[in-house]
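In: Quick one: sequence plus predicted model below, questions after.
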Protein chains: 2
Amino acid sequence: MLKAAVLGAGYMGSAITYPLSENNIKVNLWGTWLDDEIIKSSLEGYHPKLKKPLPDTVTPMYSDRLSDAVKDVDIIFIAVLSDGFVNVFKMLLDAINKKDYYFFKLTKGVVEYDNRIVRASQASQEMFEKKFPGTDFKWATIGGPVKANELSDKIPTASIYALNKSMPKDMPFRFSAGFYPVTITDDIPGVEVSSAFKNVYAIAVGICDGLFKASRPGMYHNFSAFIFNQAMIEISRIAVAAGGRTETVFDLAGIGDFYVASLSGRNARYGEFVGKGENPGDVFNKMFSAGEVAEGYYALKLGVEWIRSLGMDLQQDLPLLDHLYRIVFDAKEPMETLLDFIREMKVRFKSVL
Amino acid sequence: MLKAAVLGAGYMGSAITYPLSENNIKVNLWGTWLDDEIIKSSLEGYHPKLKKPLPDTVTPMYSDRLSDAVKDVDIIFIAVLSDGFVNVFKMLLDAINKKDYYFFKLTKGVVEYDNRIVRASQASQEMFEKKFPGTDFKWATIGGPVKANELSDKIPTASIYALNKSMPKDMPFRFSAGFYPVTITDDIPGVEVSSAFKNVYAIAVGICDGLFKASRPGMYHNFSAFIFNQAMIEISRIAVAAGGRTETVFDLAGIGDFYVASLSGRNARYGEFVGKGENPGDVFNKMFSAGEVAEGYYALKLGVEWIRSLGMDLQQDLPLLDHLYRIVFDAKEPMETLLDFIREMKVRFKSVL
């Protein structure tokens, strides 16, 4: 029987164990130091985030057992928060004793590494090559519209895996299942940018919902659709600047995942609080304390710096992101700032109409 | 003061009078024979669909006053249902006495004309040229995420106008307003296909919602996002086959409008009833009788024939549309048919994963 380690016992790490189990892959589910409660409960037969037992083939493991978790496995999924990614990947490289793992990354976002901000795939590749020079780094990054609790309930869920050149096409395992069709691409930047920035822009959609929901229930879809649309266009610009392809953004990793993220999920919910007038920093911390991390908040903060390092002009190329940043990090009033965005777009449209 | 006629006093025709009024354009709002009740109520000061008075600058007119409505106007908006479009356009051509109108079409869909199925812009151009040979036909088709009741409430609403070659760039009027930024394009097929087929595919999203909503509230977003995503890809294929551009589909007329149509609106609501197990024909008729026309139903029926005339292979190129058609017109069971679609996509993905 094939064995995998999944690092991170939160929503996504735990949910991926269901299709793995369906494919007869045994899993060591390793929790970080933040996941102790989850591991404890899971060992007792109940995953508190997914609100159900994990598959029988899953062994939950506490944070002090990383070496045990990755010993004798062929496949490693990394599903920790983006904020902890570099740290955990470093620990992982210290813990592994052989070099021919297949790595799969579920973490979404850009990361700080070596005093720079880079995509998580770039950081991990650099770290791996430093540790194991001259060794093939078999790596994939995963995207697509996947809410963890639905995947674990086997609601049909499509996913897209971006494989690097070292990842062979004839792997000795499968992850797809009847409820989990998987497609592949070679566009790692495209998938990674889409996955990270749909979290960011979902905050904007959430803000728009929050602005109108209380006073005008159901009466704000034109505005949120305009924002949704502009977000997709801006994500595709970022992806192309990062070396990715537009077609990747207008597929599962981008449009599909952004649709889910806009309808529900922590980032849209975070935005909704901000739209209703709560302080952006306070809400983030409050949600964080409750174990609900709006990852788009990190991705917005780091992402804006990273985008500048790509040579993009925020105001010119990404006006929505620019206004969103002002709301979240410069304490600008949400309604007025989004109306500013509309006014600016009206000028940009340069329409004769 | 500039004057416009708006043909069709339903949701969209009535809503467009608000930005027109903002731009000091007087409007004759002509109702079809189906709109008598609306005109009556509007004359008494209350539009029953928009649930508010029309702007002061609007004159509601009964269906027997088409000649009066278009006399002395410069601008004509056509906002009737697609099913009545050819008929009304024929009446319009008989009623107009001069030839230099600016025409704007809000109607969405493909139409039957001259024993063929064609885009409404094609039908109207042919009809105009037949009636006024050698005369410039100044024509635009309108798309974008516009729910009528929100536009009339001045919720920020972006719109895209596709202008034909005869439409001058220096028109003596503006339609955009602070709450209504307008952008333009020359891609009429792209806008028209997007506008028509977002109604069609919104039925599929609605079906998916209907399948799961009752039994698993909130637990179906992965599936509906997959469908949303596939729909966007299929709409772009249809647009390209019809001579339009992908970039148009992945902008306001396509992605923006489809987002709105999926979240709310008559087509998604129609789909939801079907997903819950109601008979597709019966539900359509029931909604029709209540004045709520799910236009995607017509567009699906005619659209499939039209697509075949473009040389596309439904099963191969548009698998979701193919399955949707089977549900709506071949009485196939919705859940099983959508799961079939998932299974088929799994094979198509040809994934090593």
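Out: Okay, I see it. Numbers count the residues shown, from 1 in each chain, chains lettered A, B, ... in the order given.

In: residue closest to the middle of chain A?
Out: residue A:108 (2.7 Å; Cα atoms, centre = their mean).

In: List the contacts of it.
Out: A:82, A:143, A:192, A:195, A:196, A:199, A:295, A:299 (Cβ atoms under 8 Å, 6 or more residues apart in numbering or on different chains). From N, CA and C alone the C-beta is placed, and that goes for glycine too.

In: switch to 7 Å and redo it
Out: Contact analysis of residue A:108 by Cβ atoms under 7 Å, 6 or more residues apart in numbering or on different chains lists A:82, A:195, A:196, A:199, A:295.

In: ditto for residue A:180
Out: Contacts of residue A:180 by Cβ under 7 Å, 6+ apart are A:19, A:157, A:159.

In: 6 Å - rerun?
Out: A:19, A:157 (Cβ atoms under 6 Å, 6 or more residues apart in numbering or on different chains).

In: again with residue A:77
Out: A:6, A:16, A:104.

In: Who wins on neighbours among those residues?
Out: When neighbours are counted by other Cβ atoms under 10 Å in any protein chain shown, residue A:6 leads the contacts of residue A:77 with 29 neighbours.

In: Over to that residue. Which of the three states is it?
Out: strand (DSSP: H, G, I helix; E, B strand; the rest coil).

In: show me where pLDDT drops low in the stretch 151-300 of chain A?
Out: Scanning the stretch 151-300 of chain A for pLDDT under 70 picks out the ranges A:218-219.

In: And the helices in it, which stretches?
Out: Per DSSP state H, counting those that start in this stretch, the stretch 151-300 of chain A carries helices over the ranges A:188-213, A:221-241, A:246-249, A:257-263, A:266-275, A:280-289, A:295-309.

In: helices or strands next to the fourth one in the packing?
Out: In this case it means helix A:257-263. Helix A:257-263 sits against helix A:188-213, helix B:221-241, with contacts defined as 3 or more Cβ pairs under 6 Å, 6 or more residues apart in numbering or on different chains; DSSP states H and E.

In: Go through those and pick out the most buried.
Out: helix A:188-213 (a mean of 28; mean count of other Cβ atoms under 10 Å in any protein chain shown).

In: which strands and helices sit next to that helix?
Out: Against helix A:188-213 (3+ Cβ pairs under 6 Å, 6+ apart) you get strand A:138-143, helix A:221-241, helix A:257-263, helix A:266-275, helix A:295-309.

In: Tell me which of those approaches residue B:207 most closely.
Out: Nearest to residue B:207 among the helices and strands packed on helix A:188-213 is helix A:257-263 (16.0 Å), distances taken as Cβ to Cβ.

In: Check what contacts the closest one and list those residues.
Out: With Cβ under 6 Å, 6+ apart as the contact definition, helix A:257-263 has outside contacts at A:144, A:145, A:147, A:198, A:202, A:205, A:267, A:268, B:221, B:225, B:228.

In: go on, stretch A:278-295?
Out: Applying Cβ under 6 Å, 6+ apart, the external contacts of stretch A:278-295 come out as A:81, A:82, A:109, A:199, A:266, A:267, A:270, A:273, A:274, A:297, A:328.

In: between the residues you listed, which is closest to residue B:175?
Out: Nearest to residue B:175 among the contacts of stretch A:278-295, with distances taken as Cβ to Cβ, is residue A:274, at 32.6 Å.

In: ok, the closest one touching residue A:206?
Out: No. Contact criterion Cβ atoms under 6 Å: residue A:274 and residue A:206 do not qualify, at 7.3 Å.

In: Around chain B, pick out the residues from the stretch 1-150 of chain A.
Out: A:145, A:146, A:147, A:150 (Cβ under 6 Å from any Cβ of the partner chain).

In: pretty sure the last one is touching residue B:222, no?
Out: Yes. Taking contacts as Cβ under 6 Å, residue A:150 lies within contact range of residue B:222: 4.5 Å.

In: where along the stretch 1-150 of chain A do the helices fall?
Out: Listed in chain order, the helices of the stretch 1-150 of chain A (DSSP H, counting those that start in this stretch) span A:11-15, A:17-22, A:36-43, A:66-70, A:85-95, A:120-131, A:148-152.

In: Output the contacting helices and strands for the fourth one.
Out: Right, helix A:66-70. strand A:25-30, helix A:85-95.

In: Quick one: closest of these to residue B:29.
Out: In terms of Cβ to Cβ, the element of these nearest to residue B:29 is helix A:85-95, at 58.3 Å.

In: So for that closest one, mean pLDDT?
Out: What helix A:85-95 shows for mean pLDDT is 97.

In: Pull out the buried positions in that helix.
Out: Residues of helix A:85-95 classed as buried: A:85, A:86, A:88, A:89, A:91, A:92, A:95 (neighbour count, 16 or more other Cβ atoms under 10 Å in any protein chain shown).
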